[in-house]
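Enquirer: here's a sequence, model it:
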Amino acid sequence: MANQFGKKGWTPERINNLEGKTFVITGGNGGAGFEATKILLSKGAEVVMLNRSAAKSEKAIDDLKILFGKGAKVSFIVMDLASLDSVRKAAEAVNKTIPKIDALMCNAAVAQVAKQEITVDGFESQLGTNHYGHFLLNNLLFDKIEASNGRIVVVASEGYKMGIKTIQFDDMNWDKNYEANAVYSQSKLAQMMFAYELQDHIKRANKNVGVYVCHPGASKTSLIKKDAPLITRISWAILAASPLVQSAEKGAYPELMCATEENLKQKAFYGPTGMNYWTGPVGECKLEPHALDKEVMTKLWTLSEKETNCKWNF
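Expert: Numbering: from 1, shown residues only. Here you go, the predicted structure:
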């Protein structure tokens, strides 16, 4: 499909002055999240990072203030997406201390965890962190986002095309058939289905919040960590040294576009549009129909409300 932003695709040059705008981002102290934070600050925005590690957050802020001066409007609140209690406490702090949210950027993720790990709430770690944590966070911050005429950005992955291409409702923790890539794929598909279902809820309730879904392509981030399967780490190391993988900065472009660009589509998927959607000009990518399976989306929404013990009010 033709790129609406031309051959060059979307770039941060399209972002206007962001003075007075506030962006809340999960996982803003590393990888594409850190690069997105840098670009937002360079445009004059305020950025609030929701990060798991206080020490890494403080280091990131020190680095950012070297780049942008002591007056750079960047702060953090500790939040572990793998703990619903931590998400609730962070959301409470945001609602109490942050006057407005122009965009909530759901950037943080864990990937390819080699052996099944269970969160403190009893969820498989990738589903618990990537989907349930963000599902609850969006619910708890939604009223403030709406009051700000803001938007929500869900950072998914091309990995949604892998695995079983649906949700394994009869064994959500994959106790019987755990496999790192397939479970990661399900967690990213769940995030996308949440976003598209939220779009439907917003439309029915006539709310004023835009929800956009993107992916970073293949980018040199810290997503593949030491707890990924050995073969995955070796393969990624080889790929990351090749032109097939782009910088973390370019990996941040799609989420920045979704957080700032006007006239984007609902029920769409944005990211690099080159070979395999790994790199290339940022624009709209093909969205596979299994991500819009309404029966699965609805069932997942109901289950997610139950598991997070937090019902949406519309």
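
Enquirer: only C-alpha atoms from now on, for both contacts and neighbour counts.
Expert: Fine.

Enquirer: and the residue nearest to Thr308 when sequence neighbours are not counted, how far is that from Met79?
Expert: In space, Thr308 comes closest to Leu136 once its chain neighbours are excluded; the distance is 6.3 Å by C-alpha to C-alpha, 6 or more residues apart in numbering. Noted for Leu136: a distance of 12 Å to Met79, by C-alpha to C-alpha, to the nearest Å.

Enquirer: common neighbours of these two, please.
Expert: Shared contacts of Leu136 and Met79 (C-alpha atoms under 8 Å, 6 or more residues apart in numbering): Val87.

Enquirer: so the residue nearest to Thr308 touches Cys310, yeah?
Expert: Yes - Leu136 is within contact range of Cys310, at 7.0 Å (criterion: C-alpha atoms under 8 Å).

Enquirer: higher neighbour count, those two?
Expert: Shown here are Leu136 and Cys310; by other C-alpha atoms under 10 Å, Leu136 has more neighbours (24 against 13).

Enquirer: re earlier: helix, strand or coil for the residue nearest to Thr308?
Expert: helix (DSSP: H, G, I helix; E, B strand; the rest coil).

Enquirer: what of Val48?
Expert: strand.

Enquirer: same check, this time on Ile25
Expert: Ile25 - assigned by three-state DSSP - is strand.

Enquirer: can you read off the pLDDT for it?
Expert: On pLDDT, Ile25 comes in at 98.

Enquirer: one step back: tell me who's in contact with the residue nearest to Thr308.
Expert: Contacts of Leu136 by C-alpha under 8 Å, 6+ apart are 84, 87-88, 308, 310.

Enquirer: what about it, distance to Asn208?
Expert: Taking C-alpha to C-alpha, one finds Leu136 at 19 Å from Asn208.

Enquirer: all strands for the stretch 201-314 of the chain, in order.
Expert: Here the stretch 201-314 of the chain has its strands, by DSSP state E, counting those that start in this stretch, at 210-214, 269-272, 282-285.

Enquirer: what's the closest of those to Asp200?
Expert: When the strands of the stretch 201-314 of the chain are compared for distance to Asp200 using C-alpha to C-alpha, the nearest one is strand 210-214, at 10.1 Å.

Enquirer: ok, residues contacting that closest one?
Expert: 150-157, 192, 195-196, 198-199, 254-255, 258, 264-271.

Enquirer: let's see which of those end up in helices.
Expert: 192, 195-196, 198-199, 254-255, 258 (DSSP state H).

Enquirer: report the two of those separated the most.
Expert: Counting by C-alpha to C-alpha, the most remote pair of those is Leu198 and Pro254, 19.8 Å apart.

Enquirer: when these two are compared, which one has more neighbours?
Expert: Pro254 (29 against 23).

Enquirer: what count of nearby residues applies to the residue nearest to that one when sequence neighbours are not counted?
Expert: Of all residues not flanking Pro254 in the chain, Gly271 sits nearest, at 5.1 Å (C-alpha to C-alpha, 6+ apart). Using other C-alpha under 10 Å, the number of residues around Gly271 comes to 34.

Enquirer: next one: Leu140
Expert: Leu140 has 21 nearby residues by other C-alpha under 10 Å.

Enquirer: could you do Asn309 as well?
Expert: 11.

Enquirer: let's number from 2 now, not from 1
Expert: Noted, 2 is the first residue going forward, which turns the last one into Asn310.

Enquirer: which pLDDT value goes with it?
Expert: So Asn310 comes in at 97 (pLDDT).

Enquirer: do the same with Ala241
Expert: 66.

Enquirer: same question for Trp237.
Expert: 57.

Enquirer: now the strands for the stretch 52-201 of the chain?
Expert: 75-79, 104-107, 152-156.

Enquirer: and among the ones you listed, the most buried is which?
Expert: strand 104-107 (a mean of 27; mean count of other C-alpha atoms under 10 Å).

Enquirer: how about the nearest residue to Gly129, chain neighbours excluded?
Expert: Gly129 sits nearest to Ala83 (C-alpha to C-alpha, 6+ apart), 5.7 Å away.

Enquirer: hang on, the one you found packs against Glu125?
Expert: No - assessed by C-alpha under 8 Å, Ala83 is found out of contact with Glu125, at 9.5 Å.

Enquirer: of these two, who's got more company?
Expert: Ala83 (28 against 22).

Enquirer: what's the separation between that one and Leu138?
Expert: Ala83 is 11 Å from Leu138, by C-alpha to C-alpha.

Enquirer: tally of neighbours for Ala269?
Expert: If we define neighbours as other C-alpha under 10 Å, then Ala269 has 16 of them.
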